[in-house]
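*Asks:* Provided below for reference: sequence and predicted model.
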Amino acid sequence: MNEAQRQSYLRALGLTPWVARVPLPGAAPSEALDWEAETDHRPTPMADAVPATSVPRPADNRREEPSASIEQPSARTEEPSAGIEEPSARTKEPSAPVETPARTDAPPAPARSQSTGQNQALVFTLEVHLAGDTWVAFEQEDAQAPELGRHTGVLAASLLAVYGATPERPRRFYCPLAGQPTTAAEAGQALRAFLDGLAGRYGGQRVLFCVGEALSRALFDAGRYEGFRLGDRPALAVSSLQEMLADPVRHKSASWRAMRSEGFGGARV
């Protein structure tokens, strides 16, 4: 095939034939083409201009292909639209259980309330320390916590220092007993047995309770700041540690006066 035929085929395919007029930089040297010998009296390929309408033919075909691909995503967009309706149907399902707690008018769980009734179930934890001849029991602000809080622990250490003692490994009394609902009467009996066991093993002649007013009346059927008997031992209930932190002027003063008047003033009195 001579060059003239090759150029004719290229035009039929819609390709623009071209030849560099000057040597390209970095290109290998090429021989000059003899157009006169190969054209056979036909127009020179470089002189024939390619029709402008013949060039965009491949471009028109390319434009039609994307148009088909554009319609495919439109079909896909209809699928999520069906999926959007499914969550709306699922949102109706929780609407039924939401109304259930609204209709329940049951009172709060009795285990969390502090009542003076002897049949009222209680939930509390006492942290007990031996300070000289006095057992000091602190009510924890969180019955489920493993120990006193950060600030109440510091205040407890200061109170134990009044008796010349330092916080050591404490004992704890947990209520409810064995994970079962425990009434105030049952908790009071178990607490007395617990303290009797400690006193029989480690000594100690009296008991000081730092508890809330409701818990004091539930366990001992007595108010705070007044001495009472817990079995064979004198006992006294004063303000809780969290009350002393919240209102020190009121609760610390009242507790200290009761401790001194009832003989619980400690070693530094």
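*Replies:* Ah, there it is.

*Asks:* so what are the sheet partners of the one helix or strand residue 137 maps to and their directions?
*Replies:* Element membership for residue 137, per DSSP states H and E: strand 134-139. If you go by DSSP bridges, strand 134-139 pairs up with strand 124-131 (antiparallel), strand 206-210 (parallel).

*Asks:* including mean pLDDT, could the ones you listed go into JSON lines?
*Replies:* Listed next are these as JSON lines, based on pLDDT from 0 to 100:
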{"stretch": "strand 124-131", "mean pLDDT": "94"}
{"stretch": "strand 206-210", "mean pLDDT": "96"}
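
*Asks:* what residues of stretch 160-175 count as buried?
*Replies:* 160, 162-163, 165, 167, 170-171, 173-175 (16 or more other C-beta atoms under 10 Å). C-betas here are computed from N, CA, C, even on glycine.

*Asks:* closest to residue 255 among those residues?
*Replies:* Using C-beta to C-beta, residue 162 is the member of these that lies nearest residue 255, at 11.0 Å.

*Asks:* quick check: closest non-adjacent residue to the closest one.
*Replies:* residue 266 (3.8 Å; C-beta to C-beta, 6 or more residues apart in numbering).

*Asks:* returning to that earlier point: report the lowest-confidence entry in the buried residues of stretch 160-175.
*Replies:* Lowest pLDDT of these: residue 167, 74.

*Asks:* that residue: which element?
*Replies:* Counting by DSSP H and E, no helix or strand carries residue 167.

*Asks:* for residue 245, see how far away it is.
*Replies:* 17 Å (C-beta to C-beta, to the nearest Å).

*Asks:* so residue 23, which state does it fall into?
*Replies:* coil (DSSP: H, G, I helix; E, B strand; the rest coil).

*Asks:* element containing the residue nearest to residue 162?
*Replies:* Counting by DSSP H and E, residue 266 is part of no helix or strand.

*Asks:* you'd agree it is up against residue 208?
*Replies:* No: Residue 266 lies out of contact with residue 208 (C-beta atoms under 8 Å); the separation is 9.3 Å.

*Asks:* what about the strand holding residue 137, average pLDDT?
*Replies:* 95.

*Asks:* in it, what's buried?
*Replies:* Quick answer for strand 134-139 (16+ other C-beta under 10 Å): 134-139.

*Asks:* again, but for stretch 251-265
*Replies:* For stretch 251-265, using 16+ other C-beta under 10 Å, the buried residues are 251-252, 254-256, 258-259, 262, 264.

*Asks:* low-confidence ranges in the chain?
*Replies:* Residue ranges of the chain with pLDDT under 70: 1, 31-120, 267-269.

*Asks:* looking at the strands paired with strand 134-139, which is nearest to residue 195?
*Replies:* Short answer: strand 206-210, nearest of the strands paired with strand 134-139 by C-beta to C-beta, at 5.9 Å.

*Asks:* who does the next helix or strand after that closest one touch, helix- and strand-wise?
*Replies:* Next in sequence after strand 206-210, counting helices and strands by DSSP H and E, comes helix 213-220. If you count contacts as 3 or more C-beta pairs under 8 Å, 6 or more residues apart in numbering; DSSP states H and E, helix 213-220 packs onto helix 184-202, strand 233-238.

*Asks:* packing partners for the longest one?
*Replies:* Looking back up the chat, that one is helix 184-202. strand 124-131, strand 134-139, strand 171-175, helix 213-220.
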